[in-house]
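**Student:** Predicted model and sequence below, questions to follow.
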Amino acid sequence: MSEVVLRLSGVSFSYDRQPVLEGVDLEVAAGEFLGLIGPNGSGKSTLVRLALGRLSPDAGRVYLFGEPVEKFRKWHRIGYVSQKSNSFNLGFPATVYEVVASGLTGKLGLFRRIGAKERALIRETLERLGLSDIAGANIGRLSGGQQQRAFIARALVSRPDLLILDEPTVGVDEESVERFYRLLRRLHREEGLSILLITHDIDAVVAAADRIALLNRRIRFYGDPREFAARRGDLRPAGDGCSQPLFPPASGEEIRV
Ligand SMILES: Nc1ncnc2c1ncn2[C@@H]1O[C@H](COP(=O)(O)OP(=O)(O)OP(=O)(O)O)[C@@H](O)[C@H]1O
């Protein structure tokens, strides 16, 4: 049986008294690429915060690599690019190299210095993401696409087994978005990286992922991307009683939800 890198089992969560997630079951198997989609405010980022142990569920359990999240300590096994990375304190005078190096803090601890092994890891990661030529550039001066690659490089430098990306293509030009999906496919297919991608790029994620989860407080669909593509016009936001489909049928254009 293949390892499950992330499992949410019966997870419910409310902010104050407002329920945001109810009875969510979800897993990412080793080497799997799961696309998580859903309308604005449907609980996607909250699910990620629970998966990373930054919030505790009101009910249910979260496991990372088979361990309850509250006991999990091997954070270098997880690379995380948050929704806010692109607005990451861009006035801060950090170079691309320094941003990528900061991804090793979890592995090294805050006070251990970077040695030859770590420098090699950083160089290799910069190379892999096509950032070597701009390693010395100030992050604040780069294009959205270059910044995005720098944040992905920061998440990858500790050689994680699971990469979690929360809407990484927001504010990034079209060509960089295409390049981003090519990169994800390569990391997933050639390097066996497990990926949880939260996105509004439905067509792109349906084409790239192994499985799709559609969230709207509860999981509304969980399965094969081709089946999702065939059924997307029938999926309702609040179950069968609702007449409004959650997505229009595919039109060949990218549809934002
Ligand atoms: N810290 C918070 N305190 C109170 N309510 C919150 C907080 N964070 C999010 N919410 C609310 O919880 C609900 C789910 O938010 P969440 O950010 O998880 O959704 P999302 O699917 O990631 O949305 P989007 O696609 O817009 O990023 C929303 O109604 C949101 O307003």
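**Tutor:** On my side now, so go ahead.
**Student:** looking at it, Leu165 is touching Leu197, isn't it?
**Tutor:** Yes - Leu165 is within contact range of Leu197, at 5.0 Å (criterion: CB atoms under 8 Å). C-beta coordinates here come from the backbone N, C-alpha and C atoms, glycine included.
**Student:** Overlap in contacts, the two.
**Tutor:** The overlap between the contact sets of Leu165 and Leu197 (CB atoms under 8 Å, 6 or more residues apart in numbering) is empty.
**Student:** Can you pull out the low-pLDDT segments for the protein?
**Tutor:** By pLDDT under 70, the low-scoring segments of the chain are 1-2, 84-92, 106-112, 236-257.
**Student:** Over to Leu183. Which of the three states is it?
**Tutor:** Taken by DSSP: H, G, I helix; E, B strand; the rest coil, the conformation at Leu183 corresponds to helix.
**Student:** Is it in contact with Ala155, as I believe?
**Tutor:** No - using CB under 8 Å, Leu183 makes no contact with Ala155, being 11.9 Å away.
**Student:** quick one, which of those two is more surrounded?
**Tutor:** Ala155 (22 against 18; other CB atoms under 10 Å).
**Student:** can I assume that one sits in a helix?
**Tutor:** Yes - counting by three-state DSSP, Ala155 is found in a helix.
**Student:** State whether Leu214 is indeed within a strand.
**Tutor:** Yes - using three-state DSSP, the assignment for Leu214 is a strand.
**Student:** And for it, the neighbour number?
**Tutor:** For Leu214, using other CB under 10 Å, the count is 25.
**Student:** Go ahead and flag the most central residue of the protein.
**Tutor:** Leu165 (1.9 Å; CA atoms, centre = their mean).
**Student:** and the gap between that residue and the ligand?
**Tutor:** Separation of Leu165 from the ligand (CB to the nearest ligand atom, to the nearest Å): 13 Å.
**Student:** Bridged to that residue, which residues?
**Tutor:** In this entry, Leu165 is beta-bridged to Val81, Leu197, by DSSP bridges.
**Student:** List the contacts of the nearest residue to Leu215 once chain neighbours are set aside.
**Tutor:** Leaving aside its sequence neighbours, Leu215 sits nearest to Gly38 (CB to CB, 6 or more residues apart in numbering; 3.9 Å). Listed by CB under 8 Å, 6+ apart, the contact set of Gly38 reads Lys44, Leu214, Leu215, Asn216, Arg220, Val257.
**Student:** Quick one: neighbours of the closest residue to Ala137 other than its chain neighbours, just the number.
**Tutor:** Distance criterion CB to CB, 6+ apart; nearest residue to Ala137, sequence neighbours excluded, is Val96 at 5.7 Å. The local packing count at Val96 equals 26, with neighbours defined by other CB under 10 Å.
**Student:** what do you get for Val24?
**Tutor:** Val24 has 25 nearby residues by other CB under 10 Å.
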